[in-house]
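>>> Structure of the sequence below:
(one chain, ligands or ions: 1)
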Amino acid sequence: MKYWNPEIETMSRDALTALQSERLQKALRHAYENCKPYRAKMESAGLQPGDIKSVEELWKLPMTVKNDLRDTYPYGMFAVPMKDVVRIHASSGTTGKQTVVGYTAGDIAIWGECMARCLIMAGANSEDILHVSYGYGLFTGGLGGHIGGETIGAATIPASTGNTKRQLQMFTDFGSTVLLCTPSYAMHLGDAVHEAGIRDQIKLRVGVFGAEPWTEEMRDEIENRLGIRAHDIYGLSEVMGPGVSCDCEQRNGLHVMEDHFLVEIIDPATGKPVPDGTPGELVFTCVTKEALPLIRYNTRDICTIDRSPCACGRNLTRMGKITGRTDDMLIIRGVNVFPSQVESVLLGIAGVAPYYRLVVDRVNNLDTLEIQVEMTEGLFSDEERRIESLVRRIEKEVLSALGISAKVTMVSHGTIERFEGKAKRVLDRR
Ligand SMILES: [Zn+2]
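Below is the predicted model:
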């Protein structure tokens, strides 16, 4: 099977725009009539739902941010009575309250549809044994992956995260062929497979990884370790969960499920839309959601979009890989630094394992950046000259990529913390 929903996935741009405009009008009426915070936002912008007739007028609408959800915690933005809500998820913020999201039965069905399109896009099918190692719980990863697996008819294993030894046993005993988890956990599982010497006993062939930004270099590493083809999937609980977009066999961007989610890129400084291809903050409008309408929601994720048709035959707009989040951006000595830039540098250098930690501090009023890098297993701490030259090389490449100097410290293999969910790679002591 090439497409899960060929009619939508290969629909002409004109037909898709017409469908989006029709759905947008309906979504605005629903939000205005059933969700007080949206009615207030639109009224203060002097807008009635009928004023917006097409997707070209999307920019006129007020934006929504995470704080709108936090301020109305837990259910203040819900637009349906609780008797129609069948599922609750929540995402934990690093600070403050959780963001609570709700789904009607219709919302859940659309989630299954979108996830199914993603899995087929990544090359999975009904004969696969789909191993979901995202966390099951309030986090949307586990159940999101799960509904996708069941929708395409794959034998879906709710493995959840943790207990790596047991994960490996399931790989070999249950014959898992498709793996869903965070890229950092995929890396860790890859190392564990190697250490256990069971690479020839596992049948994994496809990986669908998301929930944190990762680089092309990381993709190569994971593919080599597990002997799979790795795909990037994107989503966030506010919009739906995983399945908002995914990359196809061409792997030149992630196709957005545009019949449900309208996508824009805006300039973080001015809030105005930027031309296609220019990096900026990713903004989504959900046009079919019932329980929690979402109009122009700023994800704070940074990427670009490309609306040109793809060689896979899909016309759905592609978003580039997420290069970082405005929230994750570090400002070090006035320079904007994303952890993903450091990752790109490190993974291009032999002798360096893909585990690192950034320690940012302030010494005598000056920001300092230390990059702790793990050596590969083959490199031992007694090879001082080799390590010294590796440190110099990383420092030089970081300076050229980031524009700031950093102190590089090599640490022994296995000393940097491994993560089963989203990796935490920055320690900011300022
Ligand atoms: Zn494609």
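
>>> Would you mind measuring from the residue in the stretch 101-250 of the chain that the ion sits nearest to to G280?
Closest contact between the stretch 101-250 of the chain and the ion, by C-beta to the ion, is at C248 (3.3 Å). For every residue, glycine as well, the C-beta is placed using N, CA and C. From C248 over to G280 the distance is 23 Å, taken as C-beta to C-beta, to the nearest Å.

>>> before we move on, what about S12?
The value you get for S12 to G280, if C-beta to C-beta is used, is 27 Å.

>>> Same drill for these two, tell me which one is more crowded.
A count of neighbours by other C-beta atoms under 10 Å puts G280 above the other of S12 and G280, at 22 against 10.

>>> How about the residues of the protein by the ion?
By C-beta under 5 Å from the ion, the part of the chain that sits against the ion consists of 248, 250, 310, 312, 314.

>>> change it to 8 Å
For the chain, the residues in contact with the ion (C-beta under 8 Å from the ion) are 121, 247-250, 252-253, 255, 310-314, 316, 318.

>>> re earlier: so for the residue nearest to the residue of the stretch 101-250 of the chain closest to the ion when sequence neighbours are not counted, what's the pLDDT?
Excluding its sequence neighbours, the residue lying closest to C248 (C-beta to C-beta, 6 or more residues apart in numbering) is C312, at 4.2 Å. Here the pLDDT value assigned to C312 is 97.

>>> need the contact list for C312.
Taking C-beta atoms under 8 Å, 6 or more residues apart in numbering as the criterion, C312 is in contact with 121, 248-250.

>>> do that again at 7 Å, thanks
248-250 (C-beta atoms under 7 Å, 6 or more residues apart in numbering).

>>> what does G253 give?
247, 306, 318-320 are the contacts of G253 under C-beta under 7 Å, 6+ apart.

>>> Return a PyMOL selection command for the buried portion of the residues you listed.
Selecting the buried subset of those in PyMOL, with 16 or more other C-beta atoms under 10 Å as the burial test, is done by:
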select buried, resi 247+318+319+320
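
>>> ok, so of the contacts of G253, who is nearest M82?
For the contacts of G253, the closest approach to M82 (C-beta to C-beta) belongs to M319, at 33.6 Å.

>>> Can you give me the separation between that closest one and K83?
M319 is 36 Å from K83, by C-beta to C-beta.

>>> now do A186
40 Å.

>>> what about these two, which has more around it?
Just comparing A186 and K83: by other C-beta under 10 Å the higher neighbour count belongs to A186, 27 against 6.

>>> Not counting sequence-adjacent ones, nearest residue to that one?
I222 (4.9 Å).

>>> Give me the neighbour count for the residue lying closest to L204 once chain neighbours are set aside.
Nearest non-adjacent residue to L204, counting by C-beta to C-beta, 6+ apart: I228, 5.0 Å away. Other residues lying near I228 total 23 when counted by other C-beta under 10 Å.

>>> shouldn't I228 be in contact with V206?
Yes. Using C-beta atoms under 7 Å, I228 makes contact with V206 at a distance of 5.8 Å.

>>> Counting neighbours, which bits of the helix or strand H194 falls within end up buried?
Element membership for H194, per DSSP states H and E: helix 183-196. Residues of helix 183-196 classed as buried under the neighbour-count rule (16+ other C-beta under 10 Å) are 183-193, 196.

>>> Tell me where the chain is predicted with low confidence.
93-96, 380-382 (pLDDT under 70).

>>> contacts for the helix of greatest length in the chain?
As assigned by DSSP state H, the longest helix anywhere in the chain is helix 13-34. Helix 13-34 is contacted from outside by 38-39, 42, 49, 52-55, 79-80, 258-259, 262, 285-288, 293, 295, 315, using C-beta under 7 Å, 6+ apart.

>>> Now the buried members of those.
38, 42, 49, 52, 55, 79-80, 258-259, 262, 285-288, 293, 295, 315.

>>> can you confirm the residue nearest to C248 is in a strand?
No. The assignment for C312 (DSSP: H, G, I helix; E, B strand; the rest coil) gives coil, which keeps it out of a strand.

>>> ok, back up a step: quick one, what contacts the residue nearest to L204?
Listed by C-beta under 7 Å, 6+ apart, the contact set of I228 reads 204-207.

>>> what separates it from S340, distance-wise?
Distance of I228 to S340, given as C-beta to C-beta: 22 Å.

>>> Repeat that for S389.
Applying C-beta to C-beta to S389 and S340 gives a distance of 25 Å.

>>> Which one of the two is surrounded by more residues?
S340 (21 against 12).

>>> ok, that one touching T215?
Yes. Judged on C-beta under 7 Å, S340 makes contact with T215 at a distance of 5.7 Å.

>>> rewinding a little: could you say what helices and strands the helix holding H194 packs with?
Packing contacts for helix 183-196, counted by 3 or more C-beta pairs under 7 Å, 6 or more residues apart in numbering; DSSP states H and E, involve helix 164-174, strand 206-210, helix 216-226.
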